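Colleague: Provide a 3D model corresponding to the input given below.
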Amino acid sequence: MPGTTEELESQLAEVQAEATRLREHNATLLTEKKQLAKDLAKLQEDHATAAATLQRLQLDGPVEALVNEIAVDGKLFRALFAENYQFALDDEGRPCVRTLEGEPVMVKPANGAPRPLPFVPAAIREFLCPTAKAERGSDAERWARVLIGSRATGGGGGHSSGSGGTSATSEPKREAPQQQFGLR
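Modeller: Residues are numbered from 1 along each chain as shown. Next comes the predicted model:
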């Protein structure tokens with residue numbers, strides 16, 4: 001014979017109490033999940049901000065300085081450079097030159113094995129427009145027009161916005177005579 005009414009009512013009360021406890025626990029877990037989702041979104045936002053700052057400090061700043069040092073026109077240099085190469089951070093967080101596929105640009109020194117192109121203005125200038133005409137590629141003439149000091153005539157040299165001193169090759173500025181108007 002099935003249980004008595006009292007037993008059934010007791011079991012029903014236990015099941016209802018367990019259901020209520022589970023609902024409360026579910027509500028607690030949902031609240032925790034929502035908080036964790038908010039925390040995750042905040043952490044992702046902070047990560048994106050930190051990554052942008054890192055990019056600016058470790059890549060964008062050094063690239064801008066390099067471009068200003070070697071290019072007559074930075075915008076033109078970047079457009080020409082972006083056709084085949086990109087600046088990136090290597091595995092150690094240092095600026096480097098990569099192909100568009102993300103592979104390091106390799107150079108072969110005269111007396112050694114291929115190695116990644118150093119992120120040094122002189123090395124990048126030499127890679128893009130070699131001094132030895134026999135080593136120049138099809139784009140060398142285009143690069144010669146964009147790079148500072150890459151032309152044999154000395155053309156293409158940019159002006160310095162640095163300390164204000166004069167170089168040995170530039171003439172000092174001469175003051176124009178002041179014009180005087182009116183009666184003396």
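Colleague: A strand includes residue 97, no?
Modeller: Yes. Counting by DSSP: H, G, I helix; E, B strand; the rest coil, residue 97 is part of a strand.
Colleague: which ones are touching it?
Modeller: 85, 86, 87, 88, 104, 105, 116, 117, 119, 124, 127 (CB atoms under 8 Å, 6 or more residues apart in numbering). C-beta coordinates here come from the backbone N, C-alpha and C atoms, glycine included.
Colleague: Return the set of buried residues in the least confident helix or strand in the chain by mean pLDDT.
Modeller: The helix or strand of the chain with the poorest confidence is helix 140-146; it has a mean of 87 (mean pLDDT, DSSP states H and E). Of the residues in helix 140-146, those with enough neighbours to count as buried (16 or more other CB atoms under 10 Å) are 143, 144, 146.
Colleague: Same question for stretch 87-100.
Modeller: 87, 88, 95, 96, 97, 98.
Colleague: Only the C-alpha atoms, please, for that stretch, written as PDB.
Modeller: C-alpha atoms of stretch 87-100 as PDB (Å, rounded to 0.1, in the frame of the first residue of the first chain):
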ATOM      1  CA  PHE A  87      56.100  47.400 -39.200                       C
ATOM      2  CA  ALA A  88      55.200  45.100 -36.300                       C
ATOM      3  CA  LEU A  89      56.400  44.000 -32.800                       C
ATOM      4  CA  ASP A  90      58.500  40.800 -32.700                       C
ATOM      5  CA  ASP A  91      58.100  38.100 -30.000                       C
ATOM      6  CA  GLU A  92      60.100  40.100 -27.600                       C
ATOM      7  CA  GLY A  93      58.100  43.300 -28.100                       C
ATOM      8  CA  ARG A  94      60.600  45.100 -30.200                       C
ATOM      9  CA  PRO A  95      59.800  46.900 -33.500                       C
ATOM     10  CA  CYS A  96      60.700  44.900 -36.700                       C
ATOM     11  CA  VAL A  97      60.000  44.800 -40.400                       C
ATOM     12  CA  ARG A  98      57.700  42.100 -41.700                       C
ATOM     13  CA  THR A  99      56.300  41.000 -45.000                       C
ATOM     14  CA  LEU A 100      52.600  41.500 -45.600                       C
END
